[in-house]
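K.L.:
sharing a model that was predicted from the sequence below.
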Amino acid sequence: MSVITMNFSDVINSSASEDCFRQYVMPDTFNIETLLDREDHIDSHFLYFEKASESFALCGIGISKIFELGCGEEISSLDHRVRKALSVTVVRPTQEVSTITEPTVLGGFRFNKNTEPDEVWEDFGYGHMILPKILFTKCLLNQDSDETVTFLTVSPGVSSFEAISILTQFQKSHASSCGDKSKSMAVVKTDVDDDAWRSSVNAISKGVRKNQYRKAVLATRKTLTGKFKVASVLESLRSSYPECFLFCFSIPRNEGGVLSFIGATPELLVSLDGESIKSLALAGSIGRGADRPADTEKALTLTRSHKDIAEHDEVILEISNRLRSLTDSVTVEQTRLRRLNNIQHLSTAITAQAQTGSSLLKLVEVLHPTPAVCGAPREIAWGVIGEHEQFDRGWYAAPIGWMDSKGRGEFAVALRSALVEEARAWLFAGNGIVGQSKPDIELHEVNLKFKPLTDALGGTRDGH
């Protein structure tokens, strides 16, 4: 990536009222990805959410307002406060552009709102949405073009001088970090306990066969040590998984340093755009083949697997039923294969027609957690997870995303993810367990799901 070299005072009009959102168009030479390539000790919150397949990215810096959840609070309880904060007047760019963007908040929530964060996750709390001091929005110039435009939005109460200072700090940090792009070697400090995993798979599968529940999702965590640069990790994930949602939520710690939740997830939880609601059922997995014939054979194995098809159908049914509690119009598309770099999934798009006054955060609240990351029935699966997982999921497998002043937005499920600090990283992955689950197959699959972040972090097993 090239160094940011621009005078930001030429972009930001200092005469605009600071009581409004002020929006500017960045020069064509500006690349939003350069903001990722920075030193990780910058003393501000950093929020990033990208959907490269649609040439869309959001990058927020600092906190203008934060809307936090408490223990047990519903996600939708933030809706009124967020909408009120975003309803302030927007001073639009003076340049002629064929598209506009709206003030936007970004954030995420805990997987289990009723449990207290452990020491690994305490900085992230129970979940929050953040209105950043400054926000970059990259999007298509219009629907008929591949050309993109990047907007800069400065929040009310943030002076032009402060906005320019923040941007200049990132410019200097970027310039100082553009040298060594090599990936440092990381060592697996705490790996998956294979015996405990097999034991849990057997116990959960037995519970399903006894009709105590239909499915439970078993997750596990591993720890890597090394010297990590978030920018390098994200660049690696973008290169390897361009069809996924790329995200990074960084929080400066009181004792110094930065803690970042990062990942590249293939799973959409829900999006709302006007009257259009979209969701995705993603369950049932198998690895990729070494060549095209082997890959095709694996795909056929997946599409003929009664175990995977039943697991996938459970997710479709549950998402559809939950959406029908909010709207009468639900459409289930044809199931397809979703092929990623190292794994392939059964994938089914689900759409619905939004009712007047539909709330994105209410949709998130109703849909999370889906059977793909929790199990079914939901309430019983919670208990099974608590019995077998000896760690806190935190924001893993939970909703992360954005919402704008028009109520539009998108939340993904935070899979293929890791919590990263300078010298340590916690990686998370999990599998859906049903009556036909086999421990060794499930162990192989969960290690496949660790691979994206392990590779991006430069990890090795047992130091080799």
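P.N.:
In hand now; what should we look at?
K.L.:
in contact with Asp10, which residues?
P.N.:
Applying C-beta atoms under 8 Å, 6 or more residues apart in numbering, we find Asp10 in contact with no residue. All C-beta atoms are positioned from the backbone trio N, CA, C, and that covers glycine.
K.L.:
so for it, what pLDDT did the model give?
P.N.:
We have a pLDDT of 74 for Asp10.
K.L.:
what do you get for Val97?
P.N.:
72.
K.L.:
that one: neighbour count?
P.N.:
Using other C-beta atoms under 10 Å, the number of residues around Val97 comes to 13.
K.L.:
surely it touches Met26?
P.N.:
No: using C-beta atoms under 8 Å, Val97 is not in contact with Met26; the gap is 11.1 Å.
K.L.:
between those two, which contacts overlap?
P.N.:
Residues touching both Val97 and Met26 by C-beta under 8 Å, 6+ apart: Val149.
K.L.:
can you give me the helices for the stretch 1-150 of the chain?
P.N.:
Secondary structure of the stretch 1-150 of the chain (DSSP state H, counting those that start in this stretch): helices at 79-86.
K.L.:
what about the strands in it?
P.N.:
Using DSSP state E, counting those that start in this stretch, the strands of the stretch 1-150 of the chain run over 21-25, 46-51, 56-61, 65-68, 90-91, 104-109, 127-131, 134-140, 148-154.
K.L.:
could you export those strands as JSON lines, including mean pLDDT, mean neighbour count and distance to Asp328?
P.N.:
Putting the strands of the stretch 1-150 of the chain into JSON lines (pLDDT from 0 to 100; neighbours: other C-beta atoms under 10 Å; distance: least, C-beta to C-beta, whole Å) gives the following:
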{"stretch": "strand 21-25", "mean pLDDT": "91", "mean neighbour count": "21", "distance to Asp328": "36"}
{"stretch": "strand 46-51", "mean pLDDT": "94", "mean neighbour count": "24", "distance to Asp328": "29"}
{"stretch": "strand 56-61", "mean pLDDT": "94", "mean neighbour count": "23", "distance to Asp328": "30"}
{"stretch": "strand 65-68", "mean pLDDT": "96", "mean neighbour count": "16", "distance to Asp328": "31"}
{"stretch": "strand 90-91", "mean pLDDT": "90", "mean neighbour count": "17", "distance to Asp328": "34"}
{"stretch": "strand 104-109", "mean pLDDT": "97", "mean neighbour count": "26", "distance to Asp328": "27"}
{"stretch": "strand 127-131", "mean pLDDT": "96", "mean neighbour count": "23", "distance to Asp328": "29"}
{"stretch": "strand 134-140", "mean pLDDT": "92", "mean neighbour count": "21", "distance to Asp328": "31"}
{"stretch": "strand 148-154", "mean pLDDT": "92", "mean neighbour count": "22", "distance to Asp328": "36"}
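K.L.:
can you list the ones you listed in TSV and add distance to Pro371?
P.N.:
Formatted as TSV, the strands of the stretch 1-150 of the chain follow (distance: least, C-beta to C-beta, whole Å):
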stretch	distance to Pro371
strand 21-25	39
strand 46-51	24
strand 56-61	28
strand 65-68	28
strand 90-91	40
strand 104-109	18
strand 127-131	21
strand 134-140	33
strand 148-154	36
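K.L.:
so which of the ones you listed is nearest Pro266?
P.N.:
strand 46-51 (11.3 Å; C-beta to C-beta).
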